[in-house]
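[1] sequence-free structure coming up:
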């Protein structure tokens, strides 16, 4: 066997192994759970909107142990100082071990109450148009772990910039 055919065989083997590796990596990236969270209206009227936090799996595999976390200072900055302590407790529980979602099927969503938003500053739980990041961590059924940051916007979701729901003045 000469050196040329040996080096050609080794090169073909390397290309095959790399191709196999990238094929598996690509399959794992495209066949995984993708978890997102956003604030949406549960109901709304002329002056108040009940909010919920919607957690969705838009990937094509189930997710398990979905946990949301937030920096305490970020949450405190977005909440009004006069928030009802009971409502504040329920919002904070979302970001604790009590709020872990055991399994979230692909295409499924779950939600939880997330306080109220009012046009004026009276009886509202959130500062309008507040933005803060939450961290979402979860696993696929094979135990691979995922973690990413997800921004939340506290606003009536009828208009992403607030034009449908916010008064001018």
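    Okay, I see it. Since the model is a prediction, treat every value here as computed from it, not as a measurement. Residues are numbered from 1 along each chain as shown.
[2] list the contacts of residue 97.
    When contacts are counted by C-beta atoms under 8 Å, 6 or more residues apart in numbering, residue 97 is found next to residue 67. In short, each C-beta sits where N, CA and C put it, glycine included.
[3] where does this structure have low pLDDT?
    1, 43-47, 119-122, 158-169 (pLDDT under 70).
[4] mind listing the strands for it?
    Counting by DSSP state E, residue ranges of the strands within the chain are 35-44, 48-57, 63-70, 101-104, 109-118, 130-140, 145-154.
[5] which other helices and strands does the third one contact?
    Spelled out, it's strand 63-70. In this structure, strand 63-70 packs against strand 35-44, strand 48-57, strand 101-104, strand 130-140, with contacts taken as 3 or more C-beta pairs under 8 Å, 6 or more residues apart in numbering; DSSP states H and E.
[6] angle of that strand against strand 109-118?
    Between the axis of strand 63-70 and that of strand 109-118 there is an angle of 20 degrees, by axes from the mean of the first three to the mean of the last three C-alpha atoms, to 10 degrees.
[7] domain-wise, how is the protein divided?
    Following the assignment in automatic domain parsing, the chain carries domains at 1-30, 33-154.
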